[in-house]
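**Student:** Turn this into a structure:
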Amino acid sequence: MATSRTIYLGELRTENEHIRSGQKLITDAPVDNQGKGEAFSPTDLVATALSDCMLTIMGIKARDKGLDLTSTTVETTKIMSAEPRRIGEIVIEFTFPKNDFSEKDKVILEAVTKTCPVALSLHPDIKQTVKFNW
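**Tutor:** Residues are numbered from 1 along each chain as shown. Model prediction:
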């Protein structure tokens, strides 16, 4: 079974449906690439997928250890490169609510971010900069 179905709506916009759930999202080309920038661009989704994947993997490990990551936030910054136009760097900054995590738990949670499937799938030329605010 396919994962998603995409329809081109014109004006550099797509509608994407997650087949299993029926959830939909729209993408637009970014303003700096002839688009309206009214929704996530495809490269925004790549960067966001990285932070979502890292947080999900951390959530699995935290749950296994009896830790709660509820209200953790992540700010994701995508930095484009030219010639060829591509993602050059993704900066991810985690901010955790007040917690009593041990230093060992913090080291473990930081380490598992490197094992997320999206991080391991991205080309090695894409710099992944990750910051943790405990």
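
**Student:** Show me the strands in the protein, by range?
**Tutor:** 4-10, 13-18, 24-28, 73-81, 86-95, 127-133 (DSSP state E).

**Student:** Which one, of those, ends up nearest to residue 114?
**Tutor:** Evaluated over the strands of the chain, closeness to residue 114 peaks at strand 127-133, with 8.4 Å, by CB to CB. Backbone N, C-alpha and C define where each C-beta goes, glycine included.

**Student:** what's the neighbour count on residue 111?
**Tutor:** For residue 111, the tally of surrounding residues (other CB atoms under 10 Å) stands at 11.

**Student:** State the distance from it to residue 66.
**Tutor:** 18 Å (CB to CB, to the nearest Å).

**Student:** got it, and residue 117?
**Tutor:** If you measure residue 117 against residue 66 using CB to CB, the figure is 24 Å.

**Student:** can you list the domains in the protein?
**Tutor:** Annotated domains of the chain cover 4-33, 42-133 [automatic domain parsing].

**Student:** First-to-last residue distance for the first one?
**Tutor:** The one in question is domain 4-33. One end of domain 4-33 to the other measures 24 Å (CA to CA, to the nearest Å).

**Student:** Now tabulate the strands of the chain in a markdown table and tack on mean neighbour count, distance to residue 52 and mean pLDDT.
**Tutor:** Output for these, formatted as a markdown table (neighbours: other CB atoms under 10 Å; distance: least, CB to CB, whole Å; pLDDT from 0 to 100):
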| stretch | mean neighbour count | distance to residue 52 | mean pLDDT |
| --- | --- | --- | --- |
| strand 4-10 | 10 | 15 | 98 |
| strand 13-18 | 15 | 14 | 98 |
| strand 24-28 | 16 | 13 | 97 |
| strand 73-81 | 14 | 8 | 98 |
| strand 86-95 | 17 | 10 | 98 |
| strand 127-133 | 13 | 13 | 98 |
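
**Student:** Compare those and give me the one nearest residue 44.
**Tutor:** Using CB to CB, the nearest of those to residue 44 is strand 73-81, at 6.1 Å.

**Student:** Would you mind listing the outside residues contacting that closest one?
**Tutor:** For strand 73-81, the external contacting residues (CB atoms under 8 Å, 6 or more residues apart in numbering) are 32, 43-44, 46-48, 50-52, 54-55, 86-95.
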